[in-house]
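> could you look at this predicted model? Sequence included:
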Amino acid sequence: MTSEPDAIVVGAGPCGSAAAAGLAGHGVNTLVLEEHTQVGIPSHCAGHLSLNGLRRVNLLPLPAGIVENTFYGATFYSPRCKSFSIRFPSPMTCVVNRALFDQHTAEIALKNGATYQYGSRVERLLVEDGRVSGVIVTRKNEVETIRARIVVDAEGVASRLVRQAGLRTLDRRGLVSAVEAEVETSEDLELDMVNVFLGQEYSPGFYAWLIPKRDGKAKVGLASKHGNPKELLEKFVLKHPVASVKLRNAKVLQIAFHPLTLGGPISKTCSSGFLAVGDAASQVKPTTGGGVILGMTCAEIAAQVASKSLREGDFSAAFLDEYRRRCDQVLGFDLGIMLRARRMLDSMSDRRIDELIGLCGSLGLDKSLLGVRDLDFQGKSLLRVLRSPRVMAVLGYLLLQYLVVNP
């Protein structure tokens, strides 16, 4: 890049690349700074995404090789291994190779005209006269100042720059520690169903998952509020009554660790000359920890507002707050419902979760849930099926248990 960029995007994950693609698509001179030497590596996330969500952010069809499997539904296992399954008539989700997926989103931004600079760690924001006006970068052991009129922070959960911008960071009480492994297994798995395992013994405060691939491998992981994630995963693979059978003789090929933010979005996502997107803004589903689709949705909005800011020459926090307002209009209701659902689940003992899974099965809740069409906007999806007596019975049970614990 021969001139100072108009906009800098920090981080080349899907949210950063979505912001860069939007900015560059509006004719903005955009520079993406990525601390690693290659997009998508190291990979941390399982890459389990909804197909409707991918359509919403205009990423379907994906190029060959990125999608590793598609799924019609999921089977949920209670702490005592009661099970409840929901199978939809058509595929609802897929699992992607996250490295290839991230590289694909970066290629879109590059085609739109964005520039990527790798091996560039943003150390801190450049703040002048109360306004973010660039970043301080370490590259090849040298410190460099890069100025820009807008900085979009897509650095992830670390939220260093959010704090430097004078904003309140994500709620650390909502963080869980996740571990993700890819395993090679010769056991027969139901290839078109995801497996979810609940219970405090193996994944306190969250759940464990088993996601089969079509190549004889699987992705297995969990997240927890306390305890050592690696030790919990080893225990889960070796001792869980159901998972240990499915993963018998499984060979671990690779393993990665990362935090998940479940506490809901931060209250303010912008300051003068600065916007935060994705995990940095905690734009993540509190129910599942998935943030790719919601984060990319917000990143597109951020690009629109930032482009407008550049055209009009107004970089004030008040002007950029349009970004927060629009994100709240799109996501606020659903994230609020999901946050309440997360609090309800966190308040339940293993015994109550056993009862809940048993209730779902005995009521035939799967038939009522077939009306769900969107797994990302879960609040609106709930409204679609709320008239079902089965759904009302389960919600009543959840609410009653929550009130018992939180009178």
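Now that the structure is in, tell me what you want to look at. Numbers count the residues shown, from 1 in each chain.

> how about the residue nearest the centre of the chain: what's its closest non-neighbour residue?
Closest to where the C-alpha atoms of the chain average out (Cα atoms, centre = their mean) is residue 291, at 1.8 Å. Closest residue to residue 291 apart from its sequence neighbours, by Cβ to Cβ, 6 or more residues apart in numbering: residue 284 at 3.7 Å. To be clear about C-beta, it is placed using only N, CA and C from the backbone, and glycine gets the same treatment.

> ditto for residue 305
residue 323 (4.2 Å).

> so the one you found: helix, strand or coil?
The local conformation at residue 323, judged by DSSP: H, G, I helix; E, B strand; the rest coil, is helix.

> quick one, what contacts it?
For residue 323, the contacting residues are 269, 270, 275, 298, 301, 302, 305, 306, by Cβ atoms under 8 Å, 6 or more residues apart in numbering.

> where's the residue lying closest to residue 149 once chain neighbours are set aside relative to residue 23, distance?
Counting by Cβ to Cβ, 6+ apart, residue 6 is the residue found nearest to residue 149 once chain neighbours are left out, at 5.5 Å. According to Cβ to Cβ, to the nearest Å, residue 6 and residue 23 sit 8 Å apart.

> who touches both of those two?
residue 30.

> these two: who's more crowded?
The neighbour comparison of residue 6 against residue 23 (other Cβ atoms under 10 Å) goes to residue 23, with 32 against 18.

> A strand includes that one, no?
No. Assigned with three-state DSSP, residue 23 falls outside any strand and is helix.

> residue ranges with poor pLDDT in the chain?
In the predicted model, the chain carries pLDDT under 70 at residues 1-2, 186, 399-407.

> same thing but 50
Across the chain, the ranges flagged by pLDDT under 50 are 1-2, 407.

> wait, the residue nearest to residue 149 sits on residue 146?
No. Checked against Cβ atoms under 8 Å, the pair residue 6 and residue 146 is beyond contact range at 11.8 Å.

> how about the strands in the stretch 251-400 of the chain?
Ranges of strands in the stretch 251-400 of the chain, per DSSP state E, counting those that start in this stretch, are 251-261, 270-271, 274-276.

> got these as a markdown table, with mean neighbour count and distance to residue 14 columns?
Formatted as a markdown table, the strands of the stretch 251-400 of the chain follow (neighbours: other Cβ atoms under 10 Å; distance: least, Cβ to Cβ, whole Å):
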| stretch | mean neighbour count | distance to residue 14 |
| --- | --- | --- |
| strand 251-261 | 16 | 14 |
| strand 270-271 | 27 | 20 |
| strand 274-276 | 30 | 15 |
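
> could you export those as JSON lines, including distance to residue 201?
Output for these, formatted as JSON lines (distance: least, Cβ to Cβ, whole Å):
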{"stretch": "strand 251-261", "distance to residue 201": "19"}
{"stretch": "strand 270-271", "distance to residue 201": "42"}
{"stretch": "strand 274-276", "distance to residue 201": "36"}
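
> which of these sits closest to residue 175?
strand 251-261 (5.2 Å; Cβ to Cβ).

> show me what that closest one is packed up against.
strand 175-184, helix 229-239 (3 or more Cβ pairs under 8 Å, 6 or more residues apart in numbering; DSSP states H and E).

> need the ones you listed in CSV (columns: distance to residue 353).
As requested, the helices and strands packed on strand 251-261 are exported to CSV (distance: least, Cβ to Cβ, whole Å):
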stretch, distance to residue 353
strand 175-184, 17
helix 229-239, 16
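
> need the winner for burial among the ones you listed.
Of all the helices and strands packed on strand 251-261, strand 175-184 has the most neighbours on average by mean count of other Cβ atoms under 10 Å, namely a mean of 21.

> okay, angle between that strand and helix 229-239 too, please.
With axes from the mean of the first three to the mean of the last three Cα atoms, to 10 degrees defining the directions, strand 175-184 sits at 50 degrees from helix 229-239.

> helices and strands around strand 175-184, which ones?
Strand 175-184 packs on strand 217-224, helix 229-239, strand 251-261, going by 3+ Cβ pairs under 8 Å, 6+ apart.

> where exactly do the helices run in the stretch 51-200 of the chain?
Using DSSP state H, counting those that start in this stretch, the helices of the stretch 51-200 of the chain run over 51-56, 98-112, 160-164.

> just tell me which of the ones you listed ends up closest to residue 358.
Here helix 51-56 is closest among the helices of the stretch 51-200 of the chain (Cβ to Cβ), at 29.7 Å.

> ok, residues contacting that closest one?
Against helix 51-56 from outside (Cβ under 8 Å, 6+ apart): 60, 62, 70, 91-94, 292-293, 297, 373-376.

> stretch 20-27 now?
Residues beyond stretch 20-27 that count as contacts (Cβ under 8 Å, 6+ apart) turn out to be 6-7, 9, 12, 30, 32, 105, 108-109, 112-114, 152, 299-300, 302-304, 306-307.

> buried ones in that stretch?
Residues of stretch 20-27 classed as buried by neighbour count (16 or more other Cβ atoms under 10 Å): 20, 21, 22, 23, 24, 25, 26.

> repeat that for stretch 216-230.
Buried, per 16+ other Cβ under 10 Å, within stretch 216-230: 217, 218, 219, 220, 221, 222, 223, 224, 225, 227, 229.

> and if you look at stretch 31-39?
Across stretch 31-39, burial judged by 16+ other Cβ under 10 Å covers 31, 32, 33, 34, 35, 39.

> can you tell me which of those residues are in helices?
Among the buried residues of stretch 31-39, no residue falls in helices (DSSP state H).

> just put these in TSV and tack on distance to residue 385.
Listed next are these as TSV, based on distance: Cβ to Cβ, whole Å:
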residue	distance to residue 385
31	45
32	40
33	44
34	41
35	43
39	39
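
> any chance you could map the strands in the stretch 1-150 of the chain?
With strands called from DSSP E, counting those that start in this stretch, the stretch 1-150 of the chain shows them at 7-10, 30-33, 48-50, 67-71, 73-77, 83-87, 93-96, 115-117, 120-128, 131-139, 142-147, 150-153.
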